[in-house]
Structure formats: C-alpha cells, structure tokens
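*Asks:* with the sequence up front, the predicted model follows.
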Amino acid sequence: MIGHLKSNMETPLKEESDPCKRQGNNRHDTASLSALVNRGRWNFSLFLLISGAAFFARDFNLFAVIPENARQLLGSPPPPDLITIALAIYALSAIILLLSSLANNSRPPANWTHLGYRGAFYFFYLVSNSLADNFLAVFYVGVILYGLENLCIWLYTTRASDGNQKAMQRF
C-alpha cells in the first residue's frame, strides 16, 4: 500500500518537472495572451470604425426614410433621456465587471458582445433622432471602457508573462 502511494505521489511531480511540457504550456499561454491582446485591439479599432460611421450619420433622420405604415407599426422612438440612463447603467456595470476581473487577477472579458452593446447606443440615439446631441457621450463612454479594458488586458498579460518567466527560471 505504501509503495502504491509513493508511485501515485511521484507521478505528478515528474510531469510538472518536465521542462518540455512546461515550455509547451508557456508557448500556448503566450499564444492565448497574444490573441487576447489582439482581440482587444480589434475591438477598439472596430469601435472607432463604427463611431466614424455614426459621426457621418448623426444628422440623418431615420424616420423620414421609413414608410408611414411602418412608422405606425413601430410607434414613437424612445426618449433620449431613457437611452442616456441605459448608457450610464451599462457603463457602470461594465466598469464594475472590469474592476472585478482586475481585482481577482482573472482573465479580462474582452469579447465581441461589448462591441455590439457600445455600437447599439449609436443606433438607439439615431432612432430617437438625437445622435447629433449625444454622439460624444457614447464615444467617450466607449473610449473610456476600451481604455480600461486594455489596461486590464495589459496588467493581466504582464502578470501572466512574469509568472511564465519565473517558472522557466526555476528550470
């Protein structure tokens, strides 16, 4: 029985101390960290592209293009004050999520859905015919959130790469 316990205890130590396996994991970690950084850059670049399109469409009256029967079916556009409240709630919740991932040293949520959320506020203001007045609010919220998101990504990748270097120095 003691021999069985010794063999079970030695097996994980041999796998962990194998430098080839550690290097393979580090290469995979480096690739996933690089993909995370690139995803953050692409998200920000696409947000700037969407913001540019919204800037040129800020004076466009969407309801003038829609036929009368479709306007009656859709109803009146949402009031800009409600959209602003929704934007503020979204910004605060996104900041809380980013700060919690920063505090827990967990992987930051750099995914494509936030690009859709941030871009949707341009559309909401366009529908309410108040994009010209609220363009900068959506743009500043998006830039601040992407800045904070990229800061979280940078800190996460720095911590992870420092951990990988320390692990490699042990071998």
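*Replies:* Sure, I can see it. None of these values were measured; they are calculated from a predicted model. Numbers count the residues shown, from 1 in each chain.
*Asks:* shaky segments in the chain?
*Replies:* 1-29, 109-110, 162-171 (pLDDT under 70).
*Asks:* surely residue 50 meets residue 122?
*Replies:* Yes - the pair residue 50 and residue 122 passes the contact test of CB atoms under 8 Å, sitting 6.6 Å apart. The way it works is simple: take the backbone N, C-alpha and C, and place the C-beta from them, glycine included.
*Asks:* more crowded one of the two?
*Replies:* Between residue 50 and residue 122, counted using other CB atoms under 10 Å, the more crowded position is residue 122 (23 against 20).
*Asks:* name the element the more buried one belongs to?
*Replies:* Using DSSP states H and E, residue 122 maps to helix 113-127.
*Asks:* what residues sit buried inside that helix?
*Replies:* Applying a neighbour-count criterion of 16 or more other CB atoms under 10 Å, one finds 114, 115, 118, 119, 120, 121, 122, 124, 125, 126, 127 buried in helix 113-127.
*Asks:* ok, stretch 101-108 next?
*Replies:* Under 16+ other CB under 10 Å, the buried positions of stretch 101-108 are 101, 108.
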